[in-house]
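# need a 3D model of the sequence below.
(one chain, ligands or ions: 1)
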Amino acid sequence: MPNSGETLTKQPQDENAGSVSGGHENGSFPDAQSVCRDSLPRLEETQGEGTEPAESLWTSLADGRVRLRIDNSCPQTPITVHQMFKESLEKYGSLNALASKKNGKWEKITFSEYYCLSRKAAKSFLKLGLERFHSVAILGFNSPEWFISAVGAVFAGGIVTGIYTTNSPEACHYIAHDSKTNIMVVENQKQLDKIMQIWDRLPHLKAVVLYKDSLPETHPNLYTMEEFLELGRDISDATLDDIINSQKPNQCCVLIYTSGTTGKPKGAMLSHDNVTWTSAHCSRAAGMQPAEVQQESIVSYLPLSHVAAQMYDLWTGIKWGEQVYFAEPDALKGSLINTLKEVQPTAHMGVPRVWEKIMEKLKDASAQSGFVKKKMLSWAMSLGLERNLNGSSSSDLKQLWTRLADYLVLAKIRSALGFSCCQKHFCGAAPLTTETLYFFLGLNITLYEAYGMSETTGPHCLSGPFIYRQHSCGKPAPGCRLKLVDKDTEGNGEICFWGRTVFMGYLNMEDRTKEAFDEEGWLHSGDLGKLDKDGFLYVTGRIKDLIITAGGENVPPIPIEDAVKKELPIVSNAMVIGDKKKFLSMFLTLKSELDPDTSDPTDILTEQARDFCQKRGSKATKVSEIVATRDRAIYGAIQEGINRVNRNATNRVHCIQKWIVLPRDFSISGGELGPTMKLKRLTVLEKYRNEVDSFYEE
Ligand SMILES: Nc1ncnc2c1ncn2[C@@H]1O[C@H](COP(=O)(O)OP(=O)(O)OP(=O)(O)O)[C@@H](O)[C@H]1O
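As a prediction, the model looks like this:
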């Protein structure tokens, strides 16, 4: 791959692919006319006041600088995280910023207090020996301490990186080592235990701060959050301000480790400009309001080590003066709905799996309710869906019924979910199924999809109240561009990105960084997409998941997997296997109840799965009963379902020839799913290597 780090004086010309750009400042989006065939706009000569000059669009060094992608479609002066916070402080200083539950009561701090605490944290990090461009790693559930540590780390000239709480000690070690972590901020004893196991192999680690539990043992370099915040007392404001003032927008301040669905995690380096520009422009385009218009309130619960949550909750919260309420650590085990009901957020973001879980809960509740309730719900939802799919073209009487159904039934469900005041429901980070989309449309909840990657500082394409089309991820954010390359006859091509969302490079991975960009500096996503005539993007597949059989046929696995799941409602996960193999085979897992404490899949089949068994004449209630006996009724039904999918296959190569039911559903703790519930195919292949071999034994 050519070196994209060259000076970008030459402007790219793309003869085959038109590019689509986002709208401007006011958050408006382009119409059909802006699907243009022109080249990229000229990069401005100026990189913004105070920006260190840099020649290259990428770097793989923590202390590296990049040339910012400022051009006439996004001319705004680049700023640092501290400058962004200072601007917000002037406007929103007295507003509440962060709210967390302590002893059953919400405790709140204002933006002024938030800023002061972040400075205190910054001084304490310096006192503990945080070196420039070394990392502060945060390992814990969302909380004010998480935010204050993150902002403090950046103020102190460090780089903040989140670590998933589900990571093993070795996975924590990988990140801490790669990012030269100087200080680790951990939530509780459980996370501390992991660090204690690896500390002696982390030569840069100087101290650990514990922010929830009390100190379990005396260790010279172990502090509680209270102790920590006092450590920097003798660091002067001038010392900190010197460091803050020396920061440049084109330097790194955040590291997001990809969750490794395609291999080893990579540390995506985000610059101050990536963070501040994306915070300013993406959420506004999706309809989020600045606090001077309406203070948005949101609930923070998705892992902050993932780019989507970190941008949405933390950095955008600072930019627009949002009030962030922290959920309980068991949010995803069920308590989230209670928090939502209390907070009544004005906007809510979930990954598709979160929305699916809400859907499954509602379906189960409906299945257990009486005949009349069930009928009322399905009547109201069918009217809601019809209106949302067909618009309000129906008769006056029908419209009246639709409004009545919303008032009598649907509004109550939305209220029970905590969405009475919620004006924007976002979904992103993974594909959303039509079933989920339609289910929520039936409830009169429109899910606005966003699409992007860690490498685009989260969202690059957005939907919102002013830009929406079903099944689409919307349009590029204002000032951003995308193009499709290597298009097939149906218009599907690889999605490539350009704009100030585009990251700096992968830390310590020069080769992977070069591979990510083409010679003109476009970032290649590894995703397939299609554009409609109005410039709306539809993500249609992942090249990075493409299976190439031994015969050289390209097989996208997701459509086959989705078809199997649609045919067989007992199936939870389906995974096609066949890379470099003579034919395709498939792993299946069955829908099973989750352990309420750990969220791990149990052996007990879900209500829906048991219903499937009963209808097929099987008495099974557990996964193990089906697998151990190769339950004839169920195995027969699965084979029939697969036969139906095979009959609709594009050609013989796309047919599933062998399959197996695995004894346990995929899960994050099992390692088969990433934190946004995306399938980690390589891990599954490794974990079930014997089963794979058994498919292909002669
Ligand atoms: N709205 C969406 N629809 C479909 N796919 C999406 C959407 N949003 C994100 N994705 C998928 O998620 C990918 C980005 O994921 P992310 O940057 O979070 O990396 P990851 O999954 O954590 O790890 P890895 O890079 O190792 O796969 C995109 O390239 C795309 O495949």
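# now stretch 137-148, how far from the centre of its chain.
When distances are taken as C-alpha atoms, centre = their mean, to the nearest Å, stretch 137-148 is centred 17 Å away from the chain's centroid.
# using CSV, list the CA coordinates for it.
Extracted in CSV, the C-alpha atoms of stretch 137-148 (Å, rounded to 0.1, in the frame of the first residue of the first chain):
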residue,chain,number,x,y,z
ALA,A,137,-5.8,3.9,31.6
ILE,A,138,-9.3,3.8,33.1
LEU,A,139,-10.8,0.4,34.0
GLY,A,140,-14.2,0.6,35.4
PHE,A,141,-17.9,1.4,35.0
ASN,A,142,-19.1,4.8,34.0
SER,A,143,-19.0,7.4,36.8
PRO,A,144,-18.0,11.0,37.5
GLU,A,145,-14.6,9.7,38.5
TRP,A,146,-14.2,8.2,35.0
PHE,A,147,-14.9,11.5,33.4
ILE,A,148,-12.8,13.6,35.8
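# pLDDT of that stretch, averaged?
Across stretch 137-148, the average pLDDT comes to 98.
# give me the mean pLDDT for the biggest strand by length in the chain.
In the chain, with assignment by DSSP state E, the single longest strand is strand 523-531. Across strand 523-531, pLDDT averages out at 95.
# mind giving me the packing neighbours of it?
If contacts are counted by 3 or more C-beta pairs under 8 Å, 6 or more residues apart in numbering; DSSP states H and E, strand 523-531 sits against strand 481-485, strand 493-498, strand 537-542. C-beta here means a position set from N, CA and C on the backbone, and glycine is covered the same way.
# and the contacts of the shortest one?
What it means is strand 481-485. 14, 16-22, 40, 73, 460-461, 476, 491-499, 522, 524, 529-531, 537 (C-beta atoms under 8 Å, 6 or more residues apart in numbering).
# drop anything exposed from these.
Buried residues within the contacts of strand 481-485, counting neighbours by 16 or more other C-beta atoms under 10 Å: 14, 17, 19-22, 40, 73, 460-461, 476, 492-499, 522, 524, 529-531, 537.
# contacting residues for His134?
For His134, counting by C-beta under 8 Å, 6+ apart, the contacting residues are 62, 158-159, 179-182, 204.
# likewise Thr457?
Thr457 neighbours (C-beta under 8 Å, 6+ apart): 270, 274-275, 278, 307, 311, 501-503.
# show only the entries of those residues found in strands.
Going by DSSP E, the strands hold Leu270 from the contacts of Thr457.
# and which of the contacts of Thr457 is nearest to the ligand?
Val307 (6.2 Å; C-beta to the nearest ligand atom).
# tell me the contacts of the closest one?
256, 268, 452-454, 457-458.
# and it, what pLDDT?
pLDDT, read off for Val307, is 96.
# now Gly334: closest residue in space that isn't a chain neighbour?
Distances taken as C-beta to C-beta, 6 or more residues apart in numbering put Pro596 closest to Gly334, at 7.0 Å, once the chain neighbours are dropped.
# okay but that neighbour is in contact with Ser335, surely?
No: assessed by C-beta atoms under 8 Å, Pro596 is found out of contact with Ser335, at 10.8 Å.
# between those two, which is the more surrounded one?
Ser335 (14 against 10; other C-beta atoms under 10 Å).
# just to revisit the earlier point, farthest pair within the contacts of Thr457?
Met311 and Val502 (14.1 Å; C-beta to C-beta).
# give me the neighbour count for Gln657.
For Gln657, the count of nearby residues is 15 (other C-beta under 10 Å).
# quick one: which helix or strand includes it?
strand 656-661 (DSSP states H and E).
# list the helices and strands that strand packs on?
strand 584-590, helix 623-629, helix 632-647, helix 689-696.
# try 6 Å this time
If contacts are counted by 3 or more C-beta pairs under 6 Å, 6 or more residues apart in numbering; DSSP states H and E, strand 656-661 sits against strand 584-590.
# quick one: contacts of the next helix or strand after the strand it packs on?
Downstream of strand 584-590, the first helix or strand assigned by DSSP H and E is strand 592-594. Applying C-beta atoms under 6 Å, 6 or more residues apart in numbering, the set of residues contacting strand 592-594 from outside is 601-602, 604-606, 623, 665.
# repeat that with 7 Å
With contacts defined as C-beta atoms under 7 Å, 6 or more residues apart in numbering, strand 592-594 is touched by 600-606, 623, 665.
# equivalent analysis for stretch 522-539, please.
20, 30-32, 34-35, 431, 451, 453, 455-456, 461, 469, 471-475, 482-484, 491-498, 502, 516-518, 540-544.
# that stretch near the ligand anywhere?
Yes: for stretch 522-539, a contact with the ligand is found by C-beta under 6 Å from any ligand atom, at 525-527, 539.
# on that earlier part again, may I see the contacts of strand 592-594 organised as JSON lines, with secondary structure and neighbour count added?
Output for the contacts of strand 592-594, formatted as JSON lines (DSSP: H, G, I helix; E, B strand; the rest coil; neighbours: other C-beta atoms under 10 Å):
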{"residue": "Asp600", "secondary structure": "coil", "neighbour count": "14"}
{"residue": "Pro601", "secondary structure": "strand", "neighbour count": "23"}
{"residue": "Thr602", "secondary structure": "strand", "neighbour count": "16"}
{"residue": "Asp603", "secondary structure": "strand", "neighbour count": "16"}
{"residue": "Ile604", "secondary structure": "strand", "neighbour count": "16"}
{"residue": "Leu605", "secondary structure": "strand", "neighbour count": "23"}
{"residue": "Thr606", "secondary structure": "coil", "neighbour count": "22"}
{"residue": "Val623", "secondary structure": "helix", "neighbour count": "26"}
{"residue": "Asp665", "secondary structure": "coil", "neighbour count": "24"}
